[in-house]
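how does the following fold in three dimensions:
(chains A, B, C and D)
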Number of protein chains: 2
Amino acid sequence: MNKPGIIEREAELCQQRCDHPDVVDEVRCSMPAEPLQQDVAQLFKVLGDHTRIRILNALYRSELCVCDLTSILGMNQSAVSHQLRVLRDAKIVRSQKQGKNVIYSLDDIHIAELIRIGFEHVVE
Amino acid sequence: MNKPGIIEREAELCQQRCDHPDVVDEVRCSMPAEPLQQDVAQLFKVLGDHTRIRILNALYRSELCVCDLTSILGMNQSAVSHQLRVLRDAKIVRSQKQGKNVIYSLDDIHIAELIRIGFEHVVE
DNA sequence: TTATCATATGAGTAGCTGTTCATATGAATA
DNA sequence: TATTCATATGAACAGCTACTCATATGATAA
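Purely as a prediction, here's the structure:
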């Protein structure tokens, strides 16, 4: 799909005619490692969905079973379970079996902070 | 596409058989308004892309013109411009004409903070 | 003016994502 | 044991998104 040869050549040419070659080099060197940037993008991507944000807002207030969430969101159980799986895989929520139910809760303090700042930003 | 009648009925039924009806009601009442949650989801969605995270990491270090970014990312100019448009529309970056060039920079302090916490989370 | 450079943008497309439907799993109850 | 309830999951599909290509815009230089 990619055409690395062409892209690299173009990048080089661009660097030569760039207005700020020193800054460009400096920025290029101080950029975080690619896999790290991928991970951060992936984290935000998982947070970037209406249903999942609603789930996280609910769990922010209390740990809840799937049935509770289904009720709160007014969505069908399958859709909720699918999204919980995405959140679980991303280590954003944690699950814990309790009899027939599975109780979900936020996994990490960072997540709550991200949500808080996100809301702060859009409210402004 | 949606079938509100069916969804609502299912939600009601679920609430009746739910294990924690009090908690559910409490959470339901204290949830943020829908449009707000939409906005937050949209914000994270825009942050949740590899190319855009790389752009923001670069701009975190210095304001840069499109050509600089094209060089740093090693991508073609059109792709970079398209993503800059997404970031501009989301009020995440700000642009400023300077002769033939357009200089981009981060728009908001919250954004830098979100990125910082995001990296903190994935590094842990 | 014309030519050139930096940036923006519309159309097309391949790949991804969120929901639904149907069904499976697995625990509690009868 | 069989049944019921809570949850999970695979397949299918519609809608979205990020990139590429071609081209437009708009500013500077000749």
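
which SS class is the nearest residue to residue A:40 once chain neighbours are set aside?
Once flanking residues are discounted, residue A:40 sits nearest to residue B:118: 4.5 Å by CB to CB, 6 or more residues apart in numbering or on different chains. All C-beta atoms are positioned from the backbone trio N, CA, C, and that covers glycine. At residue B:118, secondary structure determined by DSSP: H, G, I helix; E, B strand; the rest coil is helix.

what pLDDT does residue B:118 get?
Residue B:118 is assigned a predicted lDDT (pLDDT) of 95.

tell me the phi and psi of residue A:106?
Backbone dihedrals for residue A:106, given as degrees, to the nearest 10, come out at phi -60, psi 140.

ok, the residue lying closest to it once chain neighbours are set aside - how many residues close by?
Closest residue in space to residue A:106, ignoring its immediate chain neighbours: residue A:59 at 5.1 Å, by CB to CB, 6+ apart. When neighbours are defined as other CB atoms under 10 Å in any protein chain shown, residue A:59 has 27 of them.

distance of the spatially closest residue to residue A:52 that is not a sequence neighbour from DNA strand D?
Leaving aside its sequence neighbours, residue A:52 sits nearest to residue A:83 (CB to CB, 6+ apart; 5.3 Å). Here the criterion is CB to the nearest atom of the strand, to the nearest Å. By it, residue A:83 lies 9 Å from DNA strand D.

wait, what's in contact with residue A:83?
Counting by CB atoms under 8 Å, 6 or more residues apart in numbering or on different chains, residue A:83 touches A:49, A:51, A:52, A:55.

residue A:42 is in contact with residue B:44, isn't it?
No - the pair residue A:42 / residue B:44 is not scored as a contact, 11.5 Å apart, by CB atoms under 8 Å.

so those two - more neighbours on which side?
A count of neighbours by other CB under 10 Å puts residue B:44 above the other of residue A:42 and residue B:44, at 23 against 18.

which bits of chain A sit near DNA strand D?
For chain A, the residues in contact with DNA strand D under the definition CB under 7 Å from any atom of the strand are A:2-3, A:7, A:65-67, A:70, A:77-78, A:81-82, A:84-85, A:95, A:100-102.

among the residues you listed, which are in helices?
Counted as lying in helices by DSSP state H, out of the residues of chain A next to DNA strand D, are A:7, A:66, A:67, A:70, A:77, A:78, A:81, A:82, A:84, A:85.

hmm, back to that, closest one to residue A:114 out of the contacts of residue A:83, please.
When those are ranked by distance to residue A:114 (CB to CB), residue A:52 comes first, at 12.3 Å.

burial count for residue A:33?
8.

for ChimeraX, write the selection for the buried entries among the residues of chain A next to DNA strand D.
To isolate the buried members of the residues of chain A next to DNA strand D in ChimeraX, using 16 or more other CB atoms under 10 Å in any protein chain shown:
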select /A:65,66,67,70,84,95,101
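
surely residue A:68 touches residue B:20?
Yes - with the criterion set as CB under 8 Å, residue A:68 and residue B:20 qualify as a contacting pair; they are 5.7 Å apart.

give me the more crowded residue out of these two.
For residue A:68 versus residue B:20, neighbours defined as other CB under 10 Å are more numerous around residue A:68 (27 against 18).

report pLDDT for the more buried one.
Model confidence at residue A:68, expressed as pLDDT, equals 95.

for it, which non-adjacent residue is closest in space?
residue B:24 (5.0 Å).

give me the neighbour count for the closest residue to residue A:93 other than its chain neighbours.
Setting aside the residues directly before and after it, residue A:93 is nearest to residue A:87 in space (CB to CB, 6+ apart), at 4.4 Å. The local packing of residue A:87 (other CB under 10 Å) involves 23 other residues.
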